[in-house]
Structures are given as structure tokens and as C-alpha cells.
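In: Here is a sequence with its predicted model. Questions after.
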Amino acid sequence: MGFVNCKSIDDATTVKDALDQTETPAGHTLHLKFSNPLPHPPSTNLHLTGYAGDEADLWAALSSYNEKTLGIRLLSNDMGFIYFRSIDDATTVKDALDQTQTPAGHVLNLKFSKSRIRKTDVSRISNFLNTASGDKWASMMKRDEGIA
């Protein structure tokens, strides 16, 4: 048994259609099906997958929700995280934007994330840190990290 991760549902469908029930060089028949991953419970973080756009495009897609958005962290493998003030804010954005396109045409694949915001991401959350609430939050994060 094994798993193959694809960048999009279209890519996964293409792979499945091309290889299901084919024989390997060792004489084994491949049986391919889509997995049914368990959804993560709602959280303050959304996991972004299959996103080849940049941070500016993502901020533009989130423009109606900037007051709810704490920050964005894009990874080099077309994935990233979007951090929100509350579970309700994350749920609102997920419901509104999942499977929609950014201004540059990139599809947003959003799921709730188990991970919590990393202390090292404090510097990346600029639009929130410029508020009084953000200053209080940053002080608490630094205190927890032993900086202040």
C-alpha cells in the first residue's frame, strides 16, 4: 500500500485513469483509488495546497478579510498557511474562498490545519502587529519565548 500526492484533483484523476489496473514490471497489478482523508476540526489556521501564486496575489484574494487575517506563510512546495484571529474568522474565509480563484487565476484549496502559529512567524504577521492588540500579542509571544 502507498500514497501518491498530486498538486491538483485534475492531476490525480489523470494519474489514476492512466495507471489503475496496469501491471508493474514485477508483475503486480496496480489498484488505484482516491483516499478519504479525515477532515481536521476547525481551527484558527487554514492550510493552503497546490498554490503556485505569490503572497501579494493571496493578500489580494483575502482583501475583504484583511481585518480577520493575522498573516500568511507560503512554503516552497506550493503550500502555505493562513493565520486568523479566531476559528469563526477562519471558517468564514474557508467557506467564502475555498475553490475560488485569486486575481491572478490561482485556485485556493483550503483546509483547516492542525498546526498552530509558530513563534518564528511573529515577524511575518505585519498587518496585525501594527495594532494595539498586535503589540500585546507580540509581547506575549516574546515572553513565552523568553525574549521579554
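Out: All right, it came through fine.
In: Does R73 fall in a helix, a strand, or a coil region?
Out: strand (DSSP: H, G, I helix; E, B strand; the rest coil).
In: Now it. Nearest residue, chain neighbours left out?
Out: In space, and not counting its chain neighbours, R73 is closest to F81: 4.7 Å by Cβ to Cβ, 6 or more residues apart in numbering. The way it works is simple: take the backbone N, C-alpha and C, and place the C-beta from them, glycine included.
In: now L48
Out: With sequence-adjacent residues excluded and distances taken as Cβ to Cβ, 6+ apart, L48 is closest to G80, at 4.4 Å.
In: Tell me who's in contact with the one you found.
Out: G80 is in contact with 47-48, 51, 58, 72-74, counting by Cβ atoms under 8 Å, 6 or more residues apart in numbering.
In: Helix, strand, or coil at the residue lying farthest from the centre of the chain?
Out: Here the chain reaches farthest from its C-alpha mean at G27, the gap being 38.6 Å by Cα atoms, centre = their mean. Following three-state DSSP, we place G27 in the coil state.
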